[in-house]
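Undergrad: When you get a sec, could you give me coordinates for this:
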Amino acid sequence: MMDLILVPVADVATEIVDDEVLLYHPQNARVIYLNPTAAVVWGLCDGTRSMRSIIELISESYPDAGTSLSEEVLATLNQLQKSGVLVAG
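TA: Modelled structure (predicted):
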């Protein structure tokens with residue numbers, strides 16, 4: 001699972017409004033608000049990185065955050081998948 005490469009669904013629109021990131025999934029007619037951490041995770045899901053490498057990149061960027069950061073990133077990736085905006089590539 002950690003070696004899955006996640007890619008955004010093609011028809012998901014990304015909107016930046018006042019430093020907040022919103023995703024609009026027209027097929028599901030839903031809007032997803034991303035907090036700043038989730039927005040960074042979303043930005044790293046470009047179809048070239050595995051879940052493992054995304055977690056490693058963020059963990060390296062915030063070395064003082066501890067192990068809970070890895071769990072939060074994984075939870076964010078899972079939630080984006082469940083929301084239908086990310087799929088395994």
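Undergrad: so where do the strands sit in the chain?
TA: Listed in chain order, the strands of the chain (DSSP state E) span 6-8, 13-17, 20-25, 30-34, 86-88.
Undergrad: out of those, deepest packed?
TA: strand 6-8 (a mean of 19; mean count of other CB atoms under 10 Å). Placement of C-beta: from N, CA and C, glycine included.
Undergrad: This protein: helices as residue ranges?
TA: 36-44, 51-61, 67-82 (DSSP state H).
Undergrad: Spit out the contact partners of the closest residue to C45 other than its chain neighbours.
TA: Spatial nearest neighbour of C45, excluding adjacent residues (CB to CB, 6 or more residues apart in numbering): L6 at 4.9 Å. L6 is in contact with 45, 47, 51, 54, 77, 80-81, 86-89, counting by CB atoms under 8 Å, 6 or more residues apart in numbering.
Undergrad: Out of those, which is nearest to V31?
TA: L80 (13.6 Å; CB to CB).
Undergrad: Let me know whether the closest one touches L74 as I believe.
TA: No. Between L80 and L74 there is no contact under CB atoms under 8 Å: 10.9 Å.
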